[in-house]
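Predicted model, plus sequence, below.
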Amino acid sequence: MFKHVFATMQDILQDIIIHYPHANDTERKRLDEQLAKLKHFSDQFIEEWLQFEEKMADFRDLQQQHGGKPMSAIPDMQQQQAMAKAANYPKIISAVPKAPPTPSPSGLPMQETASEQSKDWEAAEDLHQFMSKGQGYFKLLMFRDAAKHFQDAVTLFPDDNRARLFLGMTFMHLQEWHEAQRHFQLLVEVTEHPKWRALGLNALGCIQAVRMNLVQAAQYFEQAHEADPNFTDPLANMKSCEQHAGQLSLYFGSGQL
């Protein structure tokens, strides 16, 4: 779950180590800010993990008091297989598009050559790398860096709706409303995923609200709620628009990613 986050943290830290000794004052200040973000995230993760371990220890005591079998530190074979299956569960939901088979002179599709298959695998691996690094920067709130990787993913696979969703949400946090609007308008037109459509419509509503087009914003929020009634951010945004007194509190929906 956190593998891509820590892989990105390792890359950022290594980059800081390489450039810090030769950086000027301005660049060193930027590297210090990056390091502070890494430290904050690391401390936060450790604190949450310790709290989780304390609860697990309390449960083990409770389990023994009620005669339950203590949890083994080493999973059995079935558990190992289940964990391996879970680890391999595809993280990228939207399928990587495949090129249609090239017809032969006889009109029958020809088998993909080994070279073409290799290119498909390389492209899929590149997409995975771009998305993993982008998500890592996104979770570290380093949205400018995240945008670069998500843009590479969208350029490589324009039909990958998940990459476009992350790119649009990154532009929302960068307050680049025009770019965010462009990507979310395209997303809501093509996606069949209810949650993604709701996220896109909610983001479009937020953009209109920022521009103080509150009637149009409310329409988008209503459509977002209809697309996914379990997604509550549009209702909160609609209420904020109705009650605003010169200031709006808007939920982009990035917590759903």
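Cool, got the structure.

Please make it C-alpha for all contacts and neighbour counts, starting now.
Fine.

which stretch of helix or strand covers Gln151?
Using DSSP states H and E, Gln151 sits within helix 143-156.

What of Phe171?
Counting by DSSP H and E, the element that carries Phe171 is helix 161-173.

what residues does that helix touch?
The contact list for helix 161-173 (Cα atoms under 8 Å, 6 or more residues apart in numbering) reads 92-94, 131, 138, 143-144, 146-147, 150-151, 153-154, 158, 177, 179-181, 183-184, 187, 191, 196, 200, 203, 252, 254, 257.

all helices for the stretch 151-257 of the chain, in order.
Secondary structure of the stretch 151-257 of the chain (DSSP state H, counting those that start in this stretch): helices at 161-173, 177-190, 194-210, 214-227, 233-243.

Give me the packing partners of the third one, helices and strands only.
Spelled out, that is helix 194-210. helix 161-173, helix 177-190, helix 214-227, helix 233-243 (3 or more Cα pairs under 8 Å, 6 or more residues apart in numbering; DSSP states H and E).

The helix holding Gln151 packs against which elements?
helix 114-139, helix 161-173.

Could you check how far Phe138 is from Phe171?
11 Å (Cα to Cα, to the nearest Å).

and if you look at Ala218?
In terms of Cα to Cα, Ala218 sits 21 Å off from Phe171.

quick one: which of those two has more around it?
Ala218 (23 against 20; other Cα atoms under 10 Å).

correct me, but that one touches Cys206?
No. Ala218 is not in contact with Cys206 according to Cα atoms under 8 Å; the separation is 9.1 Å.

picking up where we left off before, and Met9, which of the helices of the stretch 151-257 of the chain is closest to it?
Among the helices of the stretch 151-257 of the chain, helix 161-173 comes nearest to Met9, with 18.3 Å by Cα to Cα.

Many thanks, have a good one.
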